[in-house]
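Enquirer: Return atomic coordinates for the entry below.
(one chain, ligands or ions: 2)
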Amino acid sequence: MSVKTLYDKLWDQHVIRSEQDGTALIYIDRHLVHEVTSPQAFEGLRLAGRIPYRLNSILATPDHNVPTSHREQGIADPISRLQVETLDQNCAQFGITEFGLNDLRQGIVHVVGPEQGATLPGMTVVCGDSHTSTHGAFGALAFGIGTSEVEHVMATQCLIQRKSKNMLVKVEGHVNPGITAKDIVLAIIGEIGTAGGTGYAIEFAGEAIQALSMEGRMTVCNMTIEAGARAGMIAVDDTTINYLKDRPFAPKGENWDKAVAAWRDLHSDADAHFDKVVVLEANQIKPQVTWGTSPEMVVPVDANIPDPTAESDAVKRNGMLKALKYMGLNANQPVQEIRLDRVFIGSCTNSRIEDLREAAAAIKGGKVSATVKQAMVVPGSGLVKQQAEQEGLDKIFVEAGFEWRDPGCSMCLAMNADRLEAGEHCASTSNRNFEGRQGQGGRTHLVSPAMAAAAAIAGHFVDITAH
Ligand SMILES: CC(C)[C@H](C(=O)O)[C@@H](O)C(=O)O
Ligand code: SF4
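Expert: Ligands and ions are numbered 1, 2, ... in the order given. Below you'll find the predicted structure:
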């Protein structure tokens, strides 16, 4: 038997046909759908008189355009309302399972899929959304697709792809207390850059990755796309299997046992070849804060903002100057001096139960600083929200002065009512800090949930690992 990487195995198990020119037709097991990238796909099906090939492979939920408060009043913005209603109508017409706005199971599609056990090891998982890489945490081949591909998958259950190269990112040893999956992935992106993974499928491995919970692994794989790779993945182990047991969509009884036996092979073989290998030492990773307008513009919280004059590459130097201008920051300024106007804890990167526990723990009885206009916590799904309330986390947040919202993408991107005003600085647990991402002129700093919560209390960034 030939020696394979995890990616090779997943690929080989799904290829239907390969062509001489490198293109291949692959089979898709799971198709997740949200309201933004599906309307034209459904319209295309209708116009061609087609129906979805395998209905039970599809799971839909609205997330980007949903309001995160006063849901009983419906959706005020007409464009958002139309998007969400269109998804409802399409799902009803084609017979697709949808967790609608008022369903307890509704939430961000990348939180909902795994939570339901709809994302399983060994699957190919697609969604018209770049953060589909999240699902690779389960030893699945998961990647985002465009709207025309959404239609193609619905009609045929297949997709035309080219195989990527193999890249291994190994995080060796153990992280220090207070360092989370978010810090690990930001440090990786700081190291390899936002184009570092272009053309590769990345496998994350090493002791520090194995030590992560499924929530943490999802945070890491979620940001693979920010490192330039469409798919990121982590080998299956007991953590994966224990997480999935008894989830609604997971196999049961004898089928579960058979599935687990097959899943145990979902790891790279000992001598598997990777085209590129990057190694990080976990104990060198500090709490990370982005200072610029790209996730690679990241530094440890105890550092100063980099000085463009020290950068020899002219393209990079100009990028840094432009970012500093947009962010209203100066070279060499200590990161901990950055004052925050808003704090957002949520998004498909960091809105799972463990993230909320970490954020609540970092509050330590404090109150949101008077200089912070708004601090909000947006759970990733209705079920995460319910779990958090059962644990009393909502009370910790509300007593400290945070707003406790309903699930959705919320302030991760300005596609709903939650957004930044021009010039505002936001400590955000999301994954993108591009210009205008959280609202026109808004300034995003990507951090972990614990770092965001601590910054809300202090009014500026603080090193949560300092004694
Ligand atoms: C709206 C959607 C297509 C988009 C994506 O693909 O990622 C969004 O989720 C984002 O995070 O920018
Ligand atoms: S939470 Fe943010 S990153 Fe995730 S799917 Fe929604 S908009 Fe995209």
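
Enquirer: which residues touch the residue in the stretch 151-300 of the chain positioned nearest to ligand 2?
Expert: Using C-beta to the nearest ligand atom, the closest approach of the stretch 151-300 of the chain to ligand 2 is made by Asn222 at 7.5 Å. All C-beta atoms are positioned from the backbone trio N, CA, C, and that covers glycine. By C-beta atoms under 8 Å, 6 or more residues apart in numbering, Asn222 lies in contact with 110, 131, 133-134, 185, 348-349, 431.

Enquirer: mind redoing it with 10 Å?
Expert: Residues in contact with Asn222 (C-beta atoms under 10 Å, 6 or more residues apart in numbering) are 110, 130-137, 181-182, 185, 232, 347-350, 430-431.

Enquirer: and ligand 1, which of the residues you listed contact it?
Expert: Filtering the contacts of Asn222 for proximity to ligand 1 by C-beta under 6 Å from any ligand atom leaves 130-131.

Enquirer: Please list the members of the contacts of Asn222 that lie in strands.
Expert: Here DSSP state E is the test, and the contacts of Asn222 give Gly232 as lying in strands.

Enquirer: Let's verify the closest residue to Leu6 other than its chain neighbours: helix, strand, or coil?
Expert: In space, and not counting its chain neighbours, Leu6 is closest to Ser268: 4.7 Å by C-beta to C-beta, 6 or more residues apart in numbering. Classification of Ser268 by DSSP: H, G, I helix; E, B strand; the rest coil places it in coil.

Enquirer: quick one: Ser268 from Val277, how far?
Expert: According to C-beta to C-beta, to the nearest Å, Ser268 and Val277 sit 12 Å apart.

Enquirer: the more surrounded of the two?
Expert: Comparing Ser268 with Val277 by neighbour count (other C-beta atoms under 10 Å), the higher total belongs to Ser268, at 21 against 12.

Enquirer: ok, that one - contacts?
Expert: Neighbouring residues of Ser268 by C-beta under 10 Å, 6+ apart: 3-9, 166, 168, 203, 205, 233, 235, 274.

Enquirer: Over to Val301?
Expert: Going by C-beta under 10 Å, 6+ apart, Val301 touches 183, 286-289, 334-336, 338, 447-448, 451, 454-455, 461-466.

Enquirer: in a strand, that's where the residue of the stretch 151-300 of the chain closest to ligand 2 is, yeah?
Expert: No - counting by three-state DSSP, Asn222 falls outside a strand, being helix.

Enquirer: what's the distance between it and Ala137?
Expert: In this structure, Asn222 and Ala137 are 8 Å apart, going by C-beta to C-beta.

Enquirer: Overlap in contacts, those two.
Expert: Shared contacts of Asn222 and Ala137, counting by C-beta under 10 Å, 6+ apart, come down to 110, 181, 232.

Enquirer: Once you drop chain neighbours, what's closest to the second one?
Expert: In this case it means Ala181. Excluding the flanking residues, the one nearest Ala181 by C-beta to C-beta, 6+ apart is Gly216, at 3.5 Å.

Enquirer: which residues in the stretch 101-250 of the chain form helices?
Expert: Using DSSP state H, counting those that start in this stretch, the helices of the stretch 101-250 of the chain run over 109-116, 147-156, 181-192, 207-210, 214-222, 238-244.

Enquirer: Please work out the angle formed by the directions of the helix or strand harbouring Glu85 and helix 147-156.
Expert: Counting by DSSP states H and E, the element that carries Glu85 is helix 78-94. For helix 78-94 against helix 147-156, the angle between stretch directions is 20 degrees (axes from the mean of the first three to the mean of the last three C-alpha atoms, to 10 degrees).

Enquirer: all numbers from here: first residue = 18
Expert: New numbering, starting at 18: the last item is helix 95-111.

Enquirer: for helix 95-111, packing partners?
Expert: Helix 95-111 sits against strand 47-50, helix 56-65, strand 75-77, strand 114-115, with contacts defined as 3 or more C-beta pairs under 10 Å, 6 or more residues apart in numbering; DSSP states H and E.

Enquirer: Excluding its own residues, what touches the last one? List them.
Expert: Among residues not part of strand 114-115, those counted as contacts by C-beta under 10 Å, 6+ apart are 50, 52, 72-73, 75-79, 104-105, 107-109, 122-123, 133, 135, 266.

Enquirer: what do you get if the cut-off is 7 Å, keeping everything else the same?
Expert: With C-beta atoms under 7 Å, 6 or more residues apart in numbering as the test, strand 114-115 has contacts from 75-78, 104-105, 108.

Enquirer: Considering these, which possesses the most neighbours?
Expert: If you count neighbours using other C-beta under 10 Å, the busiest of the contacts of strand 114-115 is Thr78, which has 30 neighbours.

Enquirer: what's near enough to touch that one?
Expert: By C-beta under 7 Å, 6+ apart, the residues touching Thr78 are 51, 115-116, 123-124, 126, 129.

Enquirer: Can you tell me which of these comes closest to ligand 2?
Expert: Nearest to ligand 2 among these, with distances taken as C-beta to the nearest ligand atom, is Val126, at 6.6 Å.

Enquirer: From ligand 1, how far off is the closest one?
Expert: Distance of Val126 to ligand 1, computed by C-beta to the nearest ligand atom, to the nearest Å: 9 Å.

Enquirer: for Ala439, same thing?
Expert: Look at Ala439 and ligand 1: by C-beta to the nearest ligand atom, they are 20 Å apart.

Enquirer: Isn't that residue up against Gln457?
Expert: Yes - between Ala439 and Gln457 there is a contact at 5.9 Å, judged by C-beta atoms under 7 Å.

Enquirer: okay, now Gln106: neighbour count?
Expert: Applying other C-beta under 10 Å, we find 12 residues neighbouring Gln106.

Enquirer: ok, now Met250?
Expert: Neighbourhood size, Met250 [other C-beta under 10 Å]: 30.

Enquirer: Tell me the spacing between it and Tyr24.
Expert: 7 Å.

Enquirer: contacting residues for the residue nearest to Ala198?
Expert: 197-198, 371.

Enquirer: Which elements pack onto the longest strand belonging to the chain?
Expert: In the chain, taking DSSP E as the definition, the longest strand is strand 182-189. The contact analysis (3 or more C-beta pairs under 7 Å, 6 or more residues apart in numbering; DSSP states H and E) places strand 182-189 against strand 217-222, helix 224-227, strand 293-298.

Enquirer: Shouldn't Val360 be within a helix?
Expert: No - under three-state DSSP, Val360 falls outside any helix and is assigned strand.

Enquirer: I'm done for today, thanks for sticking with me.
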